[in-house]
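Q: this one's structure only:
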């Protein structure tokens, strides 16, 4: 079957040639135009020469590390808005303190992601569905998520993950903001933390069901509270799922959100 060409051009900056070639093959087989650079110097040059639609950047490179490339990219207006998936193909933890604010759309531990899974993440980012209409990929319909979370670091990382996974996100930092959003928007699901300033997550779950746009709205708790009594109370207030932040990966959270919206 012929591969349907996609319009996006992807630049991969990956020091491990074997990993790089695997990613290249998977993305090309899905129709993307792909450029591979095996060191930071080549990668920086290619960013200017090709102006890609997406950059897959490894943090560990033989000459310039990925953090330095990311810093220089963000300082150049021509390149700053190009989305980046930051990878650690050797399994080294990503140093979040070295990542410039608002510079990364997705964080990947590439060795934990098969090429097929990585292609799926790229497709999600560009809103491609699996399958086509008349030989042309079509954008997937966005589901709307109302998410209540006051932690800035978690908020930044997970918000990018949620958006890049194809959702339309309404992020509230407290219960008052959440109810204001709910008065104007009709989300497909709501996700709440329990420990919040002002209203607790329990209060929010209760009040949401009293709003016109909140009736029968599927809800999920994402919190570090995990006592059986907390889980039971959340379920009594209508929560269909209960996830513990510290024990759940970003991919798992997104998967549960997708299931919640079905």
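A: In hand now; what should we look at? Computed from a predicted structure; not experimentally measured.
Q: average pLDDT for stretch 239-259, rounded please.
A: For stretch 239-259, mean pLDDT is 89.
Q: first-to-last residue distance for it?
A: 13 Å (CA to CA, to the nearest Å).
Q: buried set for that stretch?
A: Buried positions in stretch 239-259, judged by neighbour count with 16 or more other CB atoms under 10 Å: 239, 241, 242, 243, 245, 250, 253, 254, 256, 257, 258. Yep, even glycine has a C-beta here, placed from its N, CA and C like the rest.
Q: quick one: the helices in the stretch 1-150 of the chain?
A: Under the criterion DSSP state H, counting those that start in this stretch, the stretch 1-150 of the chain contains helices at 17-29, 40-50, 66-74, 77-80, 115-125.
Q: ok, which of those comes nearest residue 9?
A: Ranking the helices of the stretch 1-150 of the chain by proximity to residue 9 (CB to CB) places helix 40-50 first, at 6.4 Å.
Q: residue nearest the centroid of this protein?
A: The residue lying closest to the centre of the chain (CA atoms, centre = their mean) is residue 161, at 1.4 Å.
Q: confirm that that residue sits in a strand.
A: No: Residue 161 is assigned helix when assessed by DSSP: H, G, I helix; E, B strand; the rest coil, not a strand.
Q: which ones are touching it?
A: 106, 107, 250, 253, 254 (CB atoms under 8 Å, 6 or more residues apart in numbering).
Q: would you turn those residues into a markdown table with distance to residue 227?
A: Formatted as a markdown table, the contacts of residue 161 follow (distance: CB to CB, whole Å):
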| residue | distance to residue 227 |
| --- | --- |
| 106 | 33 |
| 107 | 30 |
| 250 | 24 |
| 253 | 20 |
| 254 | 25 |
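Q: which ones among those map onto strands?
A: Counted as lying in strands by DSSP state E, out of the contacts of residue 161, are 106, 107.
Q: of the contacts of residue 161, closest to residue 210?
A: Using CB to CB, residue 253 is the member of the contacts of residue 161 that lies nearest residue 210, at 26.6 Å.
Q: wait, the closest one sits on residue 243?
A: Yes: assessed by CB atoms under 8 Å, residue 253 is found in contact with residue 243 at 6.3 Å.
Q: joint contacts of the two?
A: Joint contacts of residue 253 and residue 243 (CB under 8 Å, 6+ apart) are residue 222.
Q: residue ranges of the helices in the stretch 151-262 of the chain, please?
A: 152-164, 175-184, 201-208, 228-236, 250-260.
Q: what's the domain layout of this structure?
A: 9-125, 144-260 (automatic domain parsing).
Q: residue 39 - how many residues pack around it?
A: Residue 39 has 14 neighbouring residues, counting by other CB atoms under 10 Å.
Q: ok, residue 21 next?
A: 15.
Q: residues in contact with it?
A: Counted by CB under 8 Å, 6+ apart, residue 21 has contacts residue 36.
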